[in-house]
Structure formats: C-alpha cells, structure tokens
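# let me see the structure of the following:
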Amino acid sequence: MKQCTIAFIGGGNMARSLIGGLISNQFTAENIHVSDANTEALDNLASRYNVKTFTDNLAAIADADVVILAVKPQQLQSVIRQIAPAWQQDKLLISIAAGIRLDDISRWLDFDGAAIVRAMPNTPSLVQAGATALCANNYVTSEQHELAESMLRAVGLALWISDEKQMDAVTALSGSGPAYFFLVLEALQTAGMELGLPEETARLLALETSFGAAKMALESDESACVLRQRVTSPGGTTERALDVFEQGDLRGLFKQALTAAAQRADELAEQLGQDYD
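Now for the predicted structure:
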C-alpha cells in the first residue's frame, strides 16, 4: 500500500502537510507526484521531500493510483474537467477542497464508476495534529477505503462518516474549530493581561493551559463534563468563573455559531457545485 503512486494537484500548505506526514509514515517519496503552476513551491517541495514535480496535471496523474485534489474550491471544477479525459477505472480520487459534494465531483469527472472520497481536514494537519472526516461514494473499494484513511491518518485523526450531509456539521465543528480555540486563546491572554500579567506570561500560560487540557481530555476515558467537574471545587474560583460563562449562555453561543457555520457550508456547496462552461 505504501508503495502506491500518489499525485497531488496543488502544492500549497495542506498538500505540503500531507506529503510530510506520508513520508514520515514510510510512504515512498519517489512515488509522490506534485503538480502546480507555482514553480517556486514545486522547487521547495522537491528540495525538502525529494518528490517528483510537474507543471502539467495530466503528466502528474498518468500512472497514479491516487489523485489528491488540493486546490481551492473555486478551482476544483476546472481542474477536474481538465483531467477527466485521462481518468482510468483503477484510480482513486480524493478531494480535500472544502464544500464540494461527491455528486458534483462525479458529474464533472464524467466517468462511470469513478471511486471518489471527500475529505475535510483542518489546519492543525500542518503540524500532524489534524482532525479529518471522510466520506466515500459507492465505488470506493475496501482497499481504497483503507488507503484513504491511512493517508489522512498520517497528519492526525481520520474517521469516516456514512452520510455526506453530516459534512456541513464537520466543517462547522472541526473544519472551522481551530479558529474558535484561537479566539478563546486570544480572550484568555487579553483577560490575563488586563488583570496585570505581562503579555508574554499571559500568552504562555494560556497556550500551555489549552494544550494541557486537550492532552488530559485525549488521554482520559472520562467525558469533558466529568473532567470539568473534577477541577471545579464547590465555592471555589473555577466555579465562580464557570457561573459567569453559564449566565452569558456560552453553550447557546457555541450552538448558534456552529449552526451559522454549517448553514454557510451548505450555501457554499450550492454555489460551488453549479456548472459553468
């Protein structure tokens, strides 16, 4: 499996993070192709990872077992229509472009029985700490399922969802989620500074506290609710702070925020999925 040929169309940040993760997980560098119009980006990838680079998408995918579309959503339709005439039955197509549905990808590829996986990674994939949800059409084989999962697992958590409609919720939760935590970090640091802490002290305390809480949650079999209760002593400082969050309906705000993000994901899928000549 790790000897298969993988072609990336697009050599940006997400492609670079996936390539780094794949090579760290013993995928063969010489079997990884990258195509991009940006020759400087290609030179950097070739120098760092020793992958093969192309400026021609069709040449890059010619003998590939897996083709990963790592371009902006607005570019996806034109890229798929370009490679469609050269598509072959045994190839697996993986799209990591946000918001583009399986049916739209299949329609643009115009190849009966094409195996397609849609993946929604997030930006912490850049540091091999990503969270990716995947869904597949009915033509993806069990071996291709395993291959797609192993590739995305190279940069963090990878899990399957059976209903593509849930991808809007995935986008709202994990796709946009890093920004929510950055906002919380920003707010914690600012509040700490306003209470008299030096800027760097507040920044480091907020960062390490966030990291420590996430690490505890990941390594514990207990729910977040139980972990929260264990650090909340009756009548203590934590309880006083949490009461303020509850009075401000923090839970309700998160629900509203994720609902808005999911609705926007659906709107973008409708817009980006339209055909053009």
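# center of the protein - which residue?
Closest residue to the average C-alpha location of the chain: residue 121 at 1.0 Å, with Cα atoms, centre = their mean.
# how much space separates the nearest residue to it once chain neighbours are set aside from residue 160?
With sequence-adjacent residues excluded and distances taken as Cβ to Cβ, 6 or more residues apart in numbering, residue 121 is closest to residue 132, at 4.2 Å. In this view, the C-beta of every residue, glycine as well, is placed from N, C-alpha and C. Remark: distance between residue 132 and residue 160 (Cβ to Cβ, to the nearest Å) = 10 Å.
# now the lengthiest helix in the chain: how far from the chain's centre is it?
With secondary structure taken from DSSP state H, the chain has its longest helix at helix 250-272. The gap between where helix 250-272 is centred and where its chain is centred comes out at 17 Å by Cα atoms, centre = their mean, to the nearest Å.
# what are the ranges of the strands in the stretch 151-277 of the chain?
Taking DSSP state E, counting those that start in this stretch as the test, the strands found in the stretch 151-277 of the chain are 156-160.
# before we move on, back to that, phi first, then psi, for the residue nearest to the centre of the chain.
The phi/psi pair for residue 121 (degrees, to the nearest 10) reads phi -80, psi 170.
# pLDDT at it, what is it?
Model confidence at residue 121, given as pLDDT, is 93.
# and for residue 9?
For residue 9, the predicted pLDDT is 97.
# got a list of what it touches?
Neighbouring residues of residue 9 by Cβ atoms under 8 Å, 6 or more residues apart in numbering: 35-36, 57, 60-61, 67-71, 79, 83.
# buried sites along stretch 198-206?
202-203, 206 (16 or more other Cβ atoms under 10 Å).
# quick one: which of these sit in helices?
202-203, 206.
# what about the helices in the stretch 1-150 of the chain?
13-24, 39-49, 57-61, 73-83, 102-109, 142-153 (DSSP state H, counting those that start in this stretch).
# could you dump those helices into TSV with distance to residue 245 added?
Listed next are these as TSV, based on distance: least, Cβ to Cβ, whole Å:
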stretch	distance to residue 245
helix 13-24	33
helix 39-49	43
helix 57-61	49
helix 73-83	35
helix 102-109	39
helix 142-153	34
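# who wins for proximity to residue 276 among these?
helix 73-83 (6.9 Å; Cβ to Cβ).
# elements contacting that closest one?
On a contact count with 3 or more Cβ pairs under 8 Å, 6 or more residues apart in numbering; DSSP states H and E, helix 73-83 meets helix 57-61, strand 66-69, helix 102-109, helix 250-272.
# what is the burial count for the closest residue to residue 99 other than its chain neighbours?
Closest residue in space to residue 99, ignoring its immediate chain neighbours: residue 268 at 4.3 Å, by Cβ to Cβ, 6+ apart. Applying other Cβ atoms under 10 Å, we find 17 other residues in the vicinity of residue 268.
# distance of residue 268 relative to residue 74?
Distance from residue 268 to residue 74, by Cβ to Cβ: 10 Å.
# with residue 120 instead?
Applying Cβ to Cβ to residue 120 and residue 74 gives a distance of 17 Å.
# and the two? which has more neighbours close in?
residue 120 (24 against 13).
# can you state the direction angle for the helix or strand of the chain with the lowest mean pLDDT and helix 39-49?
When each helix and strand of the chain is scored by mean pLDDT, DSSP states H and E, helix 13-24 comes last, with a mean of 92. Here helix 13-24 runs at an angle of 20 degrees relative to helix 39-49 (axes from the mean of the first three to the mean of the last three Cα atoms, to 10 degrees).
# pull helix 13-24 out as PDB, backbone CA atoms only.
Once non-C-alpha atoms are left out, helix 13-24 reads as follows in PDB (Å, rounded to 0.1, in the frame of the first residue of the first chain):
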ATOM      1  CA  ASN A  13       0.100  24.300   2.700                       C
ATOM      2  CA  MET A  14      -2.300  21.400   3.000                       C
ATOM      3  CA  ALA A  15      -0.600  19.400   0.300                       C
ATOM      4  CA  ARG A  16       2.700  20.100   2.000                       C
ATOM      5  CA  SER A  17       1.500  18.900   5.300                       C
ATOM      6  CA  LEU A  18       0.100  15.700   3.800                       C
ATOM      7  CA  ILE A  19       3.300  15.000   1.900                       C
ATOM      8  CA  GLY A  20       5.300  15.500   5.100                       C
ATOM      9  CA  GLY A  21       3.000  13.200   7.000                       C
ATOM     10  CA  LEU A  22       3.100  10.500   4.300                       C
ATOM     11  CA  ILE A  23       6.800  10.400   4.100                       C
ATOM     12  CA  SER A  24       7.100  10.300   7.900                       C
END
